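**Q** This is a predicted model, with the sequence first.
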Amino acid sequence: MSHQLNIIEIPELIPKMIMKKIIFADSGVSIKKPLSIAPDVFIPCENISAFRFGIKGAHLFKFAFCRQYFVEIKDYQSKIFRIKLNSYYGINRKVFFKVWADILEHFWNFYMVNQLNFYTELFNIKQTFELSGVTFHADGISWDNKNKLKWNEIAVSSYQTHFLIHHIENPGQSKCCVFSIHWNAVVLQSLLKDIIKQPIKIRKSSWL
């Protein structure tokens, strides 16, 4: 898939100053810091193995004085690259949330859709594989070497910060995947939703 070059600017707390520039291209993602002497970071698209994201709050005597919006990228050498936006005492909170959401959308469209397509193809060619702690088999999925659900038993319940994989009739048989903790949890969520919404005959034919 070909995209145009896209640049997202992360503002400083001081108005009209840019803290970081995130540049999305088909060749990879660049992280530039105009106000720093640190070298620019470039992550080739073929090196991107996973990502995760979330929002953290820092509290002092039950008062939230900082909200951090973050995206973490991992390469195939297990090196982690972090993009953080810190809003102190609510300053720039709405601006940072929008920038964070834009980063997630661009990152998904440029790179993670390819990951989803890759795992979809593995499913279609009947290949057993593991994604974000869940193993895909011919007849369903398993995790922790003890829990197993057949394709017609799987339900996915989605929430803002996480989602649950569970037995359609027994919610107690479940696995929780947190977007801020588990790498590529959002890819797993999308893949499972795509598979279980397929008509049963089509789903079974993929494994015949």
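**A** Sure, I can see it.
**Q** CA only for contacts and neighbour counts going forward, please
**A** OK.
**Q** residues in contact with stretch 129-145?
**A** For stretch 129-145, the surrounding residues in contact (Cα atoms under 8 Å, 6 or more residues apart in numbering) are 122-123, 126-128, 148-151, 175, 182-185, 188, 207.
**Q** Report the separation between Ile22 and Asn86.
**A** Between Ile22 and Asn86 the distance is 16 Å, computed by Cα to Cα, to the nearest Å.
**Q** Could you do Leu149 as well?
**A** 40 Å.
**Q** Please apply the same query to Thr161.
**A** Using Cα to Cα, Thr161 is found at 18 Å from Asn86.
**Q** Now for the closest residue to Ile80 other than its chain neighbours, how many residues are close by?
**A** Leaving out its chain neighbours, the residue that sits closest to Ile80 by Cα to Cα, 6 or more residues apart in numbering is Lys74, at 4.5 Å. Per other Cα atoms under 10 Å, the neighbour tally for Lys74 reads 19.
**Q** Export the strand or helix carrying Lys74 to PDB, keeping only CA atoms.
**A** For Lys74, the enclosing helix or strand under DSSP states H and E is strand 63-75. Provided in PDB are the C-alpha atoms of strand 63-75 (Å, rounded to 0.1, in the frame of the first residue of the first chain):
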ATOM      1  CA  PHE A  63      -4.600  14.700  42.700                       C
ATOM      2  CA  ALA A  64      -3.700  13.900  39.100                       C
ATOM      3  CA  PHE A  65      -0.900  16.400  38.200                       C
ATOM      4  CA  CYS A  66       0.300  14.700  35.000                       C
ATOM      5  CA  ARG A  67      -1.300  12.700  32.200                       C
ATOM      6  CA  GLN A  68       1.100  10.900  29.800                       C
ATOM      7  CA  TYR A  69       0.000   9.700  26.400                       C
ATOM      8  CA  PHE A  70       2.500   7.200  25.000                       C
ATOM      9  CA  VAL A  71       3.300   5.000  22.000                       C
ATOM     10  CA  GLU A  72       6.000   2.400  22.100                       C
ATOM     11  CA  ILE A  73       7.600   0.700  19.100                       C
ATOM     12  CA  LYS A  74       9.600  -2.500  19.200                       C
ATOM     13  CA  ASP A  75      12.000  -3.700  16.500                       C
END
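**Q** Report the rounded mean pLDDT for whichever helix or strand comes after it.
**A** As assigned by DSSP H and E, the chain's next helix or strand after strand 63-75 is strand 80-88. For strand 80-88, mean pLDDT rounds to 90.
**Q** With stretch 26-41 instead?
**A** The average pLDDT for stretch 26-41 rounds to 89.
**Q** what do you get for stretch 117-126?
**A** What stretch 117-126 shows for mean pLDDT is 95.
**Q** Three-state assignment for Asn145, please.
**A** What DSSP: H, G, I helix; E, B strand; the rest coil gives for Asn145 is coil.
**Q** quick one, phi/psi of it?
**A** Main-chain dihedrals, Asn145, degrees, to the nearest 10: phi 60, psi 20.
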